[in-house]
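Q: prediction below, plus the sequence it came from.
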Amino acid sequence: MSYNQKMYGLGSKRSIIREIFEYSKTRAAEIGAENVYDFSLGNPSVPAPCEVNDTIRELLDTQSSVLLHGYTSAQGDAGVRGIIADRINARFGVGISPNLIYMTCGAAASLSICLKALVEDGAEDECIVFAPFFTEYRVFIENAGAKIVVSQPLEKTFQIDVCDLESKITPKTKAIIVNSPNNPSGVVYSEETVKALCELLERKSAEYGKPIYLIADEPYRELVYSGVEVPYLMNYYDNTLVCYSYSKSLSLPGERIGYIAVSPKMADGTNIYLAVCGAGRSLGYVCAPSLFQQVIARCIDAKVNVEAYKENRDILYDNLTAFGYECVKPDGAFYLFVKALEDDAYKFFERAKKHEILVVPCDDFGVSGYVRIAYCTDKSRVEGALPAFRALAEEYGRI
Ligand code: PLP
């Protein structure tokens, strides 16, 4: 066969989330969308802030076609990067310069670029992720030519198990991806966890005489409840690259906009930034969407209504735990990670489906026996699903 079989495999085998989402559309056509409780996809339900739409209109009415639709520098417009750097410095005090910011098409592109920039050809590099993890990490890591290594979390809390991590670090470890707030658990890694993690990475880097890089995947940074703090990893570990995205923080997943920030404290940071530029170039991720670079620069302080997600979280968490389901109370993102009511999460998923509840079995996320409920949906759907969740729990003899 004269084409890449690995790529064929990726393209022909849809992710389970997409499979369920497609099923949901078919089912909605059969019985009406209001009767399908689809919690499969992490597509933000809260609208983008009004400022975003107003800014787009204003830009279209007042700015030149070249500014809005032309190419920017490969790494992004210098003015936009300056505004982002100022905002990062004001919030986290890291002293980053615009020359360490690279504009990208969202966190997926940012992760692919960072991995490509770090992983060395033929070196058998390894990249560690923490279960449960966003399934696409496997694709991005393997595509960069590295091996994925999975570290298991602490039971019940789903915080990082630093002892397990230590057992997984080897001289081949090139990078570690940390995602907090986490998809799919909704857990925010505590400052205590972060400090223990970074102390271990410092120690292991010194022991092996080479840096282990920390990639902070932060599309959910702004989606936290009740004032929970998400530690900014650059302030804890010098060899950090942050992958930020506006997909969830401003409800703009279809616009493909985000950035990479390389820590100013990183040894060799300028060269790593140049490797980021080279990786962006080699992957074709240059010049992120110009219009949205301008929108972001003007809406740097805009926020979505996080309270709407919190309301859904509270309704689901309170009711599901009352029905006998077990789950950790999420502090952020818009996912509830629920223990299936039988060992096999796929079988549980099939039984839930009979009640028109669509959740995602999480074996591919690195933890078996759990399902993910994406509650980024209308409150009416969350409330409408409660009798079905109750009936399902009754079927399992939980109530
Ligand atoms: N990382 C995580 C943990 C995600 O959940 C997602 C999307 O759902 C991404 C990265 C990719 O986000 P983006 O839309 O910014 O590419």
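A: That came through, no problem. Residues are numbered from 1 along each chain as shown.
Q: which parts of the stretch 251-399 of the chain sit against the ligand?
A: 253, 258 (CB under 6 Å from any ligand atom). Quick note: C-beta positions are derived from backbone N, CA and C, even for glycine.
Q: so for stretch 373-393, mean pLDDT?
A: For stretch 373-393, mean pLDDT is 97.
Q: got the CA positions of it in CSV?
A: Output of stretch 373-393 as CSV, limited to C-alpha atoms (Å, rounded to 0.1, in the frame of the first residue of the first chain):
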residue,chain,number,x,y,z
ILE,A,373,-20.0,13.0,31.9
ALA,A,374,-19.4,16.3,30.0
TYR,A,375,-21.9,18.7,31.6
CYS,A,376,-21.2,21.6,29.3
THR,A,377,-24.8,21.5,28.2
ASP,A,378,-28.1,23.2,29.0
LYS,A,379,-29.2,23.0,32.5
SER,A,380,-32.6,21.7,31.3
ARG,A,381,-30.8,18.6,29.8
VAL,A,382,-29.0,18.0,33.1
GLU,A,383,-32.2,18.3,35.0
GLY,A,384,-34.1,16.2,32.4
ALA,A,385,-31.5,13.4,32.7
LEU,A,386,-31.9,13.0,36.5
PRO,A,387,-34.8,10.5,36.4
ALA,A,388,-32.9,8.4,33.8
PHE,A,389,-29.8,8.4,36.1
ARG,A,390,-32.0,7.4,39.0
ALA,A,391,-33.6,4.6,37.0
LEU,A,392,-30.2,3.3,35.9
ALA,A,393,-29.0,3.3,39.6
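Q: let me see the contact set for the spatially closest residue to residue 375 that is not a sequence neighbour.
A: Sequence neighbours aside, residue 312 is the residue nearest to residue 375 in space, at 4.2 Å (criterion: CB to CB, 6 or more residues apart in numbering). Taking CB atoms under 8 Å, 6 or more residues apart in numbering as the contact definition, residue 312 lies against 334, 375-377, 379, 382.
Q: make a markdown table out of these and add secondary structure and neighbour count.
A: Shown next, in a markdown table, are the contacts of residue 312 (DSSP: H, G, I helix; E, B strand; the rest coil; neighbours: other CB atoms under 10 Å):
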| residue | secondary structure | neighbour count |
| --- | --- | --- |
| 334 | coil | 28 |
| 375 | coil | 29 |
| 376 | coil | 20 |
| 377 | coil | 21 |
| 379 | helix | 14 |
| 382 | helix | 21 |
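Q: now, which of the residues you listed sits nearest residue 134?
A: For the contacts of residue 312, the closest approach to residue 134 (CB to CB) belongs to residue 334, at 13.6 Å.
Q: local confidence estimate at that closest one?
A: With respect to pLDDT, residue 334 scores 98.
Q: do the same with residue 15
A: pLDDT at residue 15 comes out at 82.
Q: my guess is it meets residue 135, correct?
A: Yes: with contact defined as CB atoms under 8 Å, residue 15 reaches residue 135; the gap is 6.2 Å.
Q: those two: who's more crowded?
A: In terms of neighbours (other CB atoms under 10 Å), residue 135 is the more surrounded of residue 15 and residue 135; the figures are 18 against 14.
Q: what sits against that one?
A: 15-17, 364-365.
Q: could you measure from residue 146 over to residue 116?
A: Per CB to CB, to the nearest Å, residue 146 is found 10 Å from residue 116.
Q: shared neighbours, residue 15 and residue 135?
A: With CB under 8 Å, 6+ apart, residue 15 and residue 135 have common neighbours residue 364.
Q: just the strands in this structure please.
A: Ranges of strands in the chain, per DSSP state E, are 37-38, 101-104, 126-130, 147-151, 173-179, 213-218, 240-245, 258-262, 335-339, 357-358, 360-361, 370-374.
Q: now render the ones you listed as TSV, adding mean neighbour count and distance to residue 46.
A: Putting the strands of the chain into TSV (neighbours: other CB atoms under 10 Å; distance: least, CB to CB, whole Å) gives the following:
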stretch	mean neighbour count	distance to residue 46
strand 37-38	22	17
strand 101-104	28	23
strand 126-130	24	27
strand 147-151	17	32
strand 173-179	24	20
strand 213-218	25	18
strand 240-245	26	16
strand 258-262	28	18
strand 335-339	24	14
strand 357-358	22	20
strand 360-361	24	20
strand 370-374	26	13
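Q: so which of those is nearest residue 9?
A: Of the strands of the chain, nearest to residue 9 by CB to CB is strand 147-151, at 15.7 Å.
Q: hang on, the earlier thing: in a markdown table: the strands of the chain, plus distance to residue 392.
A: Converted to a markdown table, the strands of the chain look like this (distance: least, CB to CB, whole Å):
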| stretch | distance to residue 392 |
| --- | --- |
| strand 37-38 | 10 |
| strand 101-104 | 40 |
| strand 126-130 | 29 |
| strand 147-151 | 29 |
| strand 173-179 | 29 |
| strand 213-218 | 32 |
| strand 240-245 | 34 |
| strand 258-262 | 37 |
| strand 335-339 | 11 |
| strand 357-358 | 7 |
| strand 360-361 | 14 |
| strand 370-374 | 11 |
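Q: need the residues of the stretch 51-200 of the chain near the ligand, please.
A: Counting by CB under 6 Å from any ligand atom, the stretch 51-200 of the chain sits next to the ligand at 106-108, 134, 179, 183.
Q: if we use 8 Å, what do you get?
A: 105-111, 133-134, 136-137, 179, 182-183 (CB under 8 Å from any ligand atom).
Q: most neighbours out of those, which is it?
A: Counting neighbours by other CB under 10 Å, the top entry in those is residue 110, with 31 neighbours.
Q: okay but that one is in contact with residue 261, surely?
A: No: in this structure, residue 110 is not within contact of residue 261 by CB under 8 Å, at 9.4 Å.
Q: need the residues touching each of those two.
A: Common neighbours of residue 110 and residue 261 (CB under 8 Å, 6+ apart) are residue 244.
Q: residue 129 is in contact with residue 150, isn't it?
A: Yes: using CB under 8 Å as the test, residue 129 is close enough to residue 150 to be in contact (5.9 Å).
Q: give me the common contacts of those two.
A: residue 366.
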